[in-house]
Structure formats: C-alpha cells, structure tokens
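Student: generate coordinates for the sequence data below:
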Amino acid sequence: MASVKILNETPSARTLGKWQLCFQWCEYHYDHGEPTQTGYRFIWRRPDGKLQAARGQARIPSIESARALMEAANREGWGQNLGEQGKL
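Tutor: Alright, predicted model coming up:
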C-alpha cells in the first residue's frame, strides 16, 4: 500500500458536472519503510471534485488527450521532472 501526495496537477478543461482527466506529479509514500518515490500518473476527478480511486489505472480516451495534458505540464514548468526510476 502507498499514500500519494500530489505535487503538481494539470486537469483537462473544466466542464461543470463532468468527469475530468488529470495528469499529476506525485510522491508515493509506501508502507513497511520502503523509500519514497516520485512519478507521474493519470487519474480522474469526479464531478464533485474528488479523485476516483482505481487499482493503478485510469482509462485515457485518446493519445491526443494524454499528449495535451503532458504538453500543458511542460508549459507549466513541471513536465520535465524525473522520478527515482526515470528510465524504462
């Protein structure tokens, strides 16, 4: 298990009463003394503004929507961050 601290977030366009896809830069704090890690994730916000918890995945409607959020993060100055495991 891990708790997540959101450091930066870029949401898709806000439409009242609609779900919103978000791209986030986060710190992952693990149980059992494992070291904290940083990394990116996509996650949905419900119409009420709360995050939609999912088992490690978020449905992304298109490559273009993912690309648009990542480009926005670059423009905002945090899209170049590198987590502890920055290589695939």
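Student: so the spatially most central residue of the chain is in which element?
Tutor: By C-alpha atoms, centre = their mean, the mean C-alpha position of the chain lies nearest to Q24, the distance being 2.7 Å. Using DSSP states H and E, Q24 sits within strand 20-30.
Student: that strand - which strands sit beside it in the sheet, and in what orientation?
Tutor: Strand pairing for strand 20-30, using DSSP bridges, gives strand 2-11 (antiparallel), strand 37-45 (antiparallel).
Student: list the buried residues of stretch 6-14.
Tutor: Using 16 or more other C-beta atoms under 10 Å as the test for burial, stretch 6-14 gives E9, T10, S12. All C-beta spots, glycine's among them, are computed from the backbone N, C-alpha and C.
Student: brain fart, stretch 26-44
Tutor: C26, Y28, T38, G39, Y40, F42, I43, W44.
Student: please state the offset of that stretch from the chain centre?
Tutor: The chain centroid and the centroid of stretch 26-44 are separated by 11 Å under C-alpha atoms, centre = their mean, to the nearest Å.
Student: what's next to that stretch, contact-wise?
Tutor: Stretch 26-44 is contacted by residues 1-7, 19-25, 51-52, 54, 58-60, 66, 69, 81, 83-85 when judged by C-beta atoms under 8 Å, 6 or more residues apart in numbering.
Student: again, only this time at 7 Å
Tutor: By C-beta atoms under 7 Å, 6 or more residues apart in numbering, the list of residues contacting stretch 26-44 from outside reads 1-7, 19-25, 51-52, 58, 60, 66, 83-85.
Student: any idea of the mean pLDDT for it?
Tutor: In this model, stretch 26-44 has an average pLDDT of 89.
Student: likewise stretch 59-66?
Tutor: On average, stretch 59-66 scores 93.
Student: end-to-end on it?
Tutor: The first and final residues of stretch 59-66 sit 10 Å from each other (C-alpha to C-alpha, to the nearest Å).
Student: turn the strands paired with strand 20-30 into TSV, columns for distance to E76.
Tutor: Formatted as TSV, the strands paired with strand 20-30 follow (distance: least, C-beta to C-beta, whole Å):
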stretch	distance to E76
strand 2-11	6
strand 37-45	13
